[in-house]
Structure formats: C-alpha cells, structure tokens
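# Take a look and give me a structure for this.
(one chain, ligands or ions: 2)
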Amino acid sequence: MVELKNINSIYHLNNGVKIPCVGYGTFRTPADVAERAVADAIDVGYRLIDTATVYGNEEAVGKGIKDSGIDRHRLFVTTKLWNDHRGYQKAKEAIDESLQRLQMDYFDLYLIHWPANQKQFGEEAAEINAQTWRAMEEAYHEGKIRALGLSNFMPHHIVELMKTAEVAPAVDQIEVHPGWPHVEEVKYLQAHNILVEGWAPLGGQGAKVMTNETMLQLAEKYGKTAAQISLRWLIQRGVLPLPKSVHKERMVQNTQLFDFELSDEDMQMIDRLPNLGGQCADPDDVDF
Ligand SMILES: NC(=O)C1=CN([C@@H]2O[C@H](COP(=O)(O)OP(=O)(O)OC[C@H]3O[C@@H](n4cnc5c(N)ncnc54)[C@H](OP(=O)(O)O)[C@@H]3O)[C@@H](O)[C@H]2O)C=CC1
Ligand SMILES: O=C1CO[C@H](CO)[C@@H](O)[C@@H]1O
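Ligands and ions are numbered 1, 2, ... in the order given. Now for the predicted structure:
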C-alpha cells in the first residue's frame, strides 16, 4: 500500500512512469474558461491535468499550462482520442493534432476515450481497437507518449485488446463515485496492474452524491464536505480521482483529502449506497 500524503504523492504505473494520485478534470470547462481554470488549478497545486479532444478545450488547456510558468516536465498531462479518430491512420493523426493543440511535444498519458463496440461495429470492433492501439504504441516508442491507457474499457474489451497489444495498458479511466462503485471492474483492473482513474468522482454535474443524506452525515462526522468524503473514498479504494471545478476555492477544497481517514465501516456504508446518478451503464451500448 502506497502512503499518500498529498495530491502529488505518486503511484508508479506498470511501465515505471510516476503519476500524481489526484488529478484535475476539465470536462464541460469551455475553452474561454479553461485557460484561467487550468492556470488556477496548477497554482493551487494540481500537477495532473486531464483533458480530451472532445472537450474542445485542448488549446486553452495548453495555454493555461504555459501561463502557469511551471516547467512542462513537472506536470502530468493526459488527453484522449475521440471516437471519430479510431483506426491506425486516423489515430496517428489524432495524436499529432492533439500535441499541436496543446502546444507540447509529448503527453504523459494518452487514452482511447471509448472502445469501438460490438453494437456499432459488430465483428470489426476488436480489430478497430487493436489498430488504434498499434498507432498509440508507435507514438509511445517514438517518445510522443510516456504511458498508454484506456477509458471506459470493461474487462472483456481489455481481454480482447491484449490478444494483439505489445504494450500493456497502464491506466483505465472509468466512472467511479459513491452510488456507482464499479466493484468488479476495479477489482479486475487492480489485479492486472492497471491503475484505475475515476471519472465524475463527485458524481458529475448536478449529481446526487453531494446532497445524499449518508454523504452529508459522514461529512458532518469527519468535519469535511461531502465532496471530500467522496474523493477520499476513491483514494482509499486505490482509485485516482479527477475532480473538476472552475472555482478556485473548490479546487483547493478538493485537494484537502489527506488529514483524515474513513473507517472501514464508513467505507462500506458508502459502498452500499444506491445509484446516485451513474452515467455510463454499458460502454457497449453507446452509439456516439
Ligand atoms: N473518460 C471519460 O469518459 C470521462 C472523463 N471525465 C473526466 O473526469 C473529470 C471529472 O468528471 P466530471 O464529469 O467533470 O464531474 P465531477 O464529478 O468532477 O463533478 C464536477 C461537478 O461538481 C462541481 N464541484 C466540483 N467541486 C465541488 C465541490 N467541492 N463542492 C461542490 N461542487 C463541486 C463542479 O462545479 P464547478 O465547476 O462549478 O465548481 C461540477 O459541476 C472530467 O472533468 C474529465 O476530466 C468525465 C466524464 C467522462
Ligand atoms: O469524457 C466524456 C465527457 O464528454 C463526452 C461527450 O460529451 C463523453 O462521452 C465522455 O465520456
């Protein structure tokens, strides 16, 4: 068990690359806000920044990183390949285009945002994911990406990918928050030495996590906010949370997670919460 003291305590990915244990999310942060928000996030201490091509803010995120004045090598930057760039050739283009938009010459982590699925692609789904991965492996060997990963891949997608992959995925970013624990998937990923990143760790925009009665009671008990209880629950499960906020005081609040510990009983009480706004029921059923 790694001892975590603050948001920049590190995990080692399965290829040895170091990653901070809490990151900063940028979904729904519009481009005209993202530059300032990312600079603020870095100012309050975040070093892991999570964006994606589909968020439409890569360029602004890149500018915010430059504005922060922090050396690029002290940051951990993640972006993701969107669904319209699956396949070998398009994936190669997507990587270079994202590098340009973010104004950098490498990513610390690059993810396939969603698996090509059977519903949309039938028999070809696995081959499409394999070809996308092959392009990412080339970029990895060329030094454009320090670690390769997945997002919204369930164990069966990973089993399929591993039939052809030469580089094992280091990360899988999936939805994890109270009321959406993804128990079996987290167990599988951790058993296979794939770090789990939790998206929507506060339940996402407008979710019920932060107003849930049990969460509020626990907040009161520990002298914390429901947001902090939620993030701490992920951390104690070995899941790396990626909270998003455009408000500096909330950015700070979402880092103050290391001066308390949830008891086993309270962890289990959160484990048992009913669905509090889970968004991704089945990645094989989405058609975007
Ligand atoms: N791989 C994938 O498919 C996905 C990845 N992600 C990644 O995960 C990140 C986090 O997920 P996201 O959907 O943004 O949701 P989060 O669970 O991080 O919740 C964000 C919402 O909570 C609010 N908030 C943040 N901090 C607090 C606080 N301390 N108290 C009260 N409210 C708070 C924010 O509002 P405000 O900004 O106004 O403070 C925003 O409305 C994303 O930003 C993205 O990087 C997200 C979805 C899917
Ligand atoms: O990261 C995410 C948020 O935005 C996307 C679409 O708008 C989602 O599909 C995705 O999971």
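# rest of the way, CA atoms for contacts and neighbours
Noted.
# Mind naming the longest helix for the protein?
Using DSSP state H to define each element, the chain has its longest helix at helix 125-141.
# Let me see the residues that make contact with it.
86-89, 91-92, 95, 110, 112, 115-118, 145-148, 157, 160-161, 164-167 (Cα atoms under 8 Å, 6 or more residues apart in numbering).
# Please convert the buried members of those residues into PyMOL selection syntax.
Command for PyMOL, covering only those of those found buried under the criterion 16 or more other Cα atoms under 10 Å:
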select buried, resi 86+87+88+91+92+95+110+112+115+116+117+145+146+147+148+157+161+164+165+167
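# quick one: least confident helix or strand in the chain?
In the chain, the helix or strand scored least confidently by mean pLDDT, DSSP states H and E is helix 118-121, which has a mean of 90.
# What is the distance between that helix and the centre of its chain?
A distance of 24 Å separates the centroid of the chain from that of helix 118-121, by Cα atoms, centre = their mean, to the nearest Å.
# Ok, stretch 116-127 next?
Worked out by Cα atoms, centre = their mean, stretch 116-127 lies 24 Å from the chain centre.
# do that stretch and ligand 1 meet?
No. Figure legend: stretch 116-127 not in contact with ligand 1 (Cα under 6 Å from any ligand atom); closest approach 13.3 Å.
# and that stretch, C-alpha only, in PDB?
Output of stretch 116-127 as PDB, limited to C-alpha atoms (Å, rounded to 0.1, in the frame of the first residue of the first chain):
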ATOM      1  CA  ALA A 116     -15.200   0.600 -30.500                       C
ATOM      2  CA  ASN A 117     -18.100  -1.600 -29.500                       C
ATOM      3  CA  GLN A 118     -19.900  -4.600 -30.900                       C
ATOM      4  CA  LYS A 119     -23.300  -2.700 -31.200                       C
ATOM      5  CA  GLN A 120     -21.800  -0.200 -33.700                       C
ATOM      6  CA  PHE A 121     -19.000  -2.200 -35.300                       C
ATOM      7  CA  GLY A 122     -20.000  -5.800 -34.900                       C
ATOM      8  CA  GLU A 123     -17.200  -8.300 -35.600                       C
ATOM      9  CA  GLU A 124     -14.800  -5.400 -36.500                       C
ATOM     10  CA  ALA A 125     -14.900  -3.700 -33.100                       C
ATOM     11  CA  ALA A 126     -11.900  -5.600 -31.700                       C
ATOM     12  CA  GLU A 127      -9.800  -5.100 -34.800                       C
END
